[in-house]
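K.L.:
whatever this is, show me its structure:
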Amino acid sequence: MSNESKRTLEWFKAIGANDKNTLARQRNAQLACFFEEVGELADALAECETFADSSELRDYFKTSDKEHLSHRNVESIIDALGDIQVTLIGVAYRFGFDINKILSPINDSNYSKFIDGKPVFNENGKVIKGKNYFKPDLSAIDSFKLDV
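P.N.:
Take a look at the predicted model:
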């Protein structure tokens with residue numbers, strides 16, 4: 001875990017739980033923060049576009065040839081990316097998971113998509129699953145829990 005990820009996790013531990021809220025409410029509040037930041041990234045990238053739902057947003061970026069990074073929005077994009085990282089660590093923390101432990105099997109799965117050690121892309125630029133692809137093994141849930 002990077003030093004900054006550790007600092008972020010320590011921040012969430014320091015703020016602890018809000019005694020006024022149930023565990024479900026605390027988790028939902030953190031999820032709301034996460035999706036708010038994702039929305040801010042979408043706003044910064046798509047600028048004047050509006051979307052009815054996440055599927056519409058996904059399809060917009062999947063089919064767009066427009067360059068979405070400009071001098072006007074780069075600071076907003078950087079801010080949103082950092083905030084997404086922080087809130088993601090917070091979501092994992094609120095659910096009792098260590099995000100870095102979760103990344104290992106997911107990275108193994110992602111690399112299994114490669115064909116002869118190289119990524120192959122579909123027409124939208126997404127890496128396709130090669131013949132050796134395997135889903136991440138996330139069955140050992142206890143191994144992803146935070147060390148307390």
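K.L.:
which strands and helices lie in contact with the longest helix belonging to the chain?
P.N.:
If each helix of the chain is counted by residues according to DSSP state H, the longest one is helix 23-46. Judged by 3 or more Cβ pairs under 8 Å, 6 or more residues apart in numbering; DSSP states H and E, helix 23-46 is in contact with helix 54-63, helix 74-94. For every residue, glycine as well, the C-beta is placed using N, CA and C.
K.L.:
kindly export stretch 120-130 (C-alpha atoms) in CSV.
P.N.:
Extracted in CSV, the C-alpha atoms of stretch 120-130 (Å, rounded to 0.1, in the frame of the first residue of the first chain):
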residue,chain,number,x,y,z
VAL,A,120,-5.8,-7.1,-27.7
PHE,A,121,-8.4,-4.4,-28.0
ASN,A,122,-12.0,-4.3,-29.4
GLU,A,123,-13.3,-1.5,-31.6
ASN,A,124,-14.0,0.7,-28.6
GLY,A,125,-10.5,0.4,-27.2
LYS,A,126,-11.4,-2.0,-24.4
VAL,A,127,-9.1,-5.0,-23.7
ILE,A,128,-10.7,-8.2,-24.7
LYS,A,129,-10.5,-11.4,-22.8
GLY,A,130,-7.9,-13.8,-24.3
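K.L.:
buried residues in it?
P.N.:
For stretch 120-130, the buried set under the neighbour-count rule, 16 or more other Cβ atoms under 10 Å, comprises 129-130.
K.L.:
and if you look at stretch 129-148?
P.N.:
Of the residues in stretch 129-148, those buried under the neighbour-count criterion (16+ other Cβ under 10 Å) are 129-130, 144.
K.L.:
domains for this protein, by residue range?
P.N.:
When the chain is parsed into structural domains using automatic domain parsing, the resulting residue ranges are 1-95, 97-148.
K.L.:
ok, now which ones touch the residue nearest in space to the middle of the chain?
P.N.:
Centroid-nearest residue in the chain, with Cα atoms, centre = their mean: Leu88, separated by 6.0 Å. The contact partners of Leu88, taken as Cβ atoms under 8 Å, 6 or more residues apart in numbering, are 34, 99.
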